[in-house]
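Visitor: Give me the fold of what follows.
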Amino acid sequence: MFRLMRNIHLGLGLGFFLMALIFAVSSLTVIFRGRLGQPKPEVTETVVQLPTAALATPRAAAMELMTSHGLRGDLREIKEKGGTVTFRIVRPGEVADVTYPAATGEAKIAIRRQTALNTLMALHTNHGVWHEYMPANLWSVLAFCTSAGLILLGASGVYLWFKHYNERLIGTVLLTCSLAFGLVALYLTRLEQ
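Guide: Predicted coordinates:
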């Protein structure tokens, strides 16, 4: 059993190393975003004429822009006020703000391309698997598998440690210190909000 657990522990560590590293770096960008400085995103603006069929609903307009004008992502923040429709098409690293009068269908598109650090932050805070943008769903599934893999990595590590009778005392001290550090860090992050 010890050999099997050692192989599982090694395999999980090697398999999820890269994703754990990405999580760690993106966590630092989220925590220290104020100190890292926020370079302004690159903004490009265009104007396109939406066909009459696309003016039926904001979703139809967004689908037209996605298929005919290369925009990709999730449709968010749909608002209609005073005959003007606004919405966003969002994916990690890029946000397209779309505004058009429902009467004319002349859509103004402002595309903001984020820096690598802001893209990492967007990936870190990407939630759920209900996105219309399939790569966001794949990223979420990969993040879930990584989280489960890291929990199993920790559990198999505790098992392997417990089987080394000579190292139980130092292991207990290290495990207790790690747990205390994690709980204090969690408490302090809650105070910041």
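
Visitor: what mean pLDDT would you report for the top helix by length along the chain?
Guide: Counting residues, the longest helix in the chain under DSSP state H turns out to be helix 134-163. Confidence for helix 134-163, expressed as mean pLDDT, is 81.

Visitor: Go through that helix and flag the buried ones.
Guide: By neighbour count on 16 or more other CB atoms under 10 Å, the buried set for helix 134-163 is 136, 139-140, 143, 146, 149-150, 153, 156-157, 160. For every residue, glycine as well, the C-beta is placed using N, CA and C.

Visitor: again with stretch 57-66
Guide: By 16+ other CB under 10 Å, the buried positions in stretch 57-66 come out as 58, 61-62, 64-66.

Visitor: so which of the residues you listed comes closest to Leu174?
Guide: Met66 (51.0 Å; CB to CB).

Visitor: Need the residues that contact the host helix or strand of the closest one.
Guide: In this structure, Met66 sits in helix 58-69 according to DSSP states H and E. With CB atoms under 8 Å, 6 or more residues apart in numbering as the test, helix 58-69 has contacts from 46, 48, 50-51, 53-55, 71-72, 75, 78, 80, 85, 87, 89, 96, 98, 100, 105, 107, 109.

Visitor: Gln114 against Pro41, yeah?
Guide: Yes: with contact defined as CB atoms under 8 Å, Gln114 reaches Pro41; the gap is 5.0 Å.

Visitor: Are there residues contacting both of the two? Which ones?
Guide: Counting by CB under 8 Å, 6+ apart, nothing touches both Gln114 and Pro41.

Visitor: Please say which of those two ends up with more neighbours.
Guide: A count of neighbours by other CB atoms under 10 Å puts Gln114 above the other of Gln114 and Pro41, at 19 against 14.

Visitor: any idea how far the more buried one is from Arg190?
Guide: 27 Å (CB to CB, to the nearest Å).

Visitor: same deal with Arg72?
Guide: Distance, Arg72 to Arg190, using CB to CB: 35 Å.

Visitor: ok, those two, which is more surrounded?
Guide: When Arg72 and Arg190 are compared for neighbours, Arg72 comes out ahead with 16 against 8, by other CB under 10 Å.

Visitor: Now do the same contact list for that one.
Guide: Going by CB under 8 Å, 6+ apart, Arg72 touches 66, 89, 91, 94, 133.
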